[in-house]
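Asks: sequence? don't have it. structure:
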């Protein structure tokens, strides 16, 4: 696919690159959406200040692949209307599908971004394509779940020897960090692309990994805000590329929300209670047993300081998440017993005309424990 861009101020222009917005990550009426809008207020101000003429969204505009609430769809569309209304210098917005935008594993063209295909100023690259802007050629390569398929499309790109070639894509690359707190699955690592596959481009801007980082000619744009635990370990913001200097500037975003992971000890607790927790999502890690009534008091104090609190139990190699656990008596049973054991205890107390043995076999055959 080839598209000729509109030039502004001769051949000098600026391109803003954002990625991994993950709209619809949060449930209906969740107040987290306001933080995305706070970011766009900041983004629009910077786009206008620097007279940006083109915007690239490098994948994962949405979070869910097949189900999205009408509320979030309307709000996302409202953001594009906001950009169109309040960014008079912007001539086009280019979008590529990320892994969260795609419905089918083997078909990147079947994605939710089709709804914006006919919008004024918006062009979605469902397949590889490029745009010529003066002496720059912008290449767009969507996400492909198969590393083999991705490399095939990457190798087919025939760069222009007469222009500066910039690639915008959404993929995992070796030697970069995902910022996840848990180990990355081996199967996912096997889909990463080697850095040397991108050598033919002058500059590569990528989405997929949420923290800003750069090596050689490859730069991860980052997600504009922290959206989960793990994101706290990287910088977040967006990129503005200047075609005159052929260089970019990373614009950090220091607005809320802020995700924090802290071990439960007196020092950390005093530090947290000494500040306002508005817009802060705190994960408290328990490495030792603590009475449920004491834990309830701690959570209540943190919530009164406006923190959003999540508890992570890490006791005797047991991992369990739940903030409501603090109000449940004998919570250690829930931590240290298997799903089958808990269900067996439940059946011992429940009154029913059903055959309990058959009911137990049926429930355990569903392999519930693998999905908890």
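Replies: The structure has been received and is ready for your questions. Owing to the predicted nature of the structure, the values given are computational and were not obtained by experimental measurement.

Asks: confirm that residue 56 sits in a helix.
Replies: No: per DSSP: H, G, I helix; E, B strand; the rest coil, residue 56 lies outside any helix segment and is strand.

Asks: so that it lines up with my notes, have the first residue be 33 from now on.
Replies: Okay, residue one is now 33; in that scheme the one you just asked about reads as residue 88.

Asks: pLDDT below threshold where in the stretch 183-332 of the chain?
Replies: Applying pLDDT under 70 to the stretch 183-332 of the chain picks out residues 211-222, 288.

Asks: try it again at 80.
Replies: Counting by pLDDT under 80, the stretch 183-332 of the chain contains low-confidence residues at 210-223, 259-262, 287-289.

Asks: show me where it has helices.
Replies: 218-221, 298-305, 324-336 (DSSP state H, counting those that start in this stretch).

Asks: all strands of the stretch 33-182 of the chain, in order?
Replies: Secondary structure of the stretch 33-182 of the chain (DSSP state E, counting those that start in this stretch): strands at 34-36, 46-50, 86-89, 124-127, 134-136, 139-143, 154-156, 161-165, 168-173.

Asks: which one of those strands is the most hemmed in?
Replies: Of all the strands of the stretch 33-182 of the chain, strand 86-89 has the most neighbours on average by mean count of other Cβ atoms under 10 Å, namely a mean of 26. No exception for glycine: its C-beta is placed from N, CA and C like everyone else's.

Asks: what are the pairing partners of that strand, and which direction each?
Replies: Sheet pairing here is set by DSSP bridges, and for strand 86-89 it gives strand 46-50 (parallel), strand 124-127 (parallel).

Asks: out of those, which is closest to residue 346?
Replies: strand 46-50 (34.8 Å; Cβ to Cβ).

Asks: residue 331 contacts residue 343, correct?
Replies: Yes: between residue 331 and residue 343 there is a contact under Cβ atoms under 8 Å: 7.3 Å.

Asks: what sits against residue 108?
Replies: By Cβ atoms under 8 Å, 6 or more residues apart in numbering, the contact list for residue 108 reads 55, 56, 93, 94.

Asks: about what we covered before: and among the helices of the stretch 183-332 of the chain, the most buried is which?
Replies: Of these, the one with the most neighbours on average (mean count of other Cβ under 10 Å) is helix 324-336, at a mean of 15.

Asks: for residue 251, find the nearest of the strands paired with strand 86-89.
Replies: Among the strands paired with strand 86-89, strand 46-50 comes nearest to residue 251, with 8.7 Å by Cβ to Cβ.

Asks: so what touches that closest one?
Replies: Outside strand 46-50, the residues that touch it by Cβ under 8 Å, 6+ apart are 75, 78-79, 82-90, 170, 200, 237, 253, 256, 270-275, 280.
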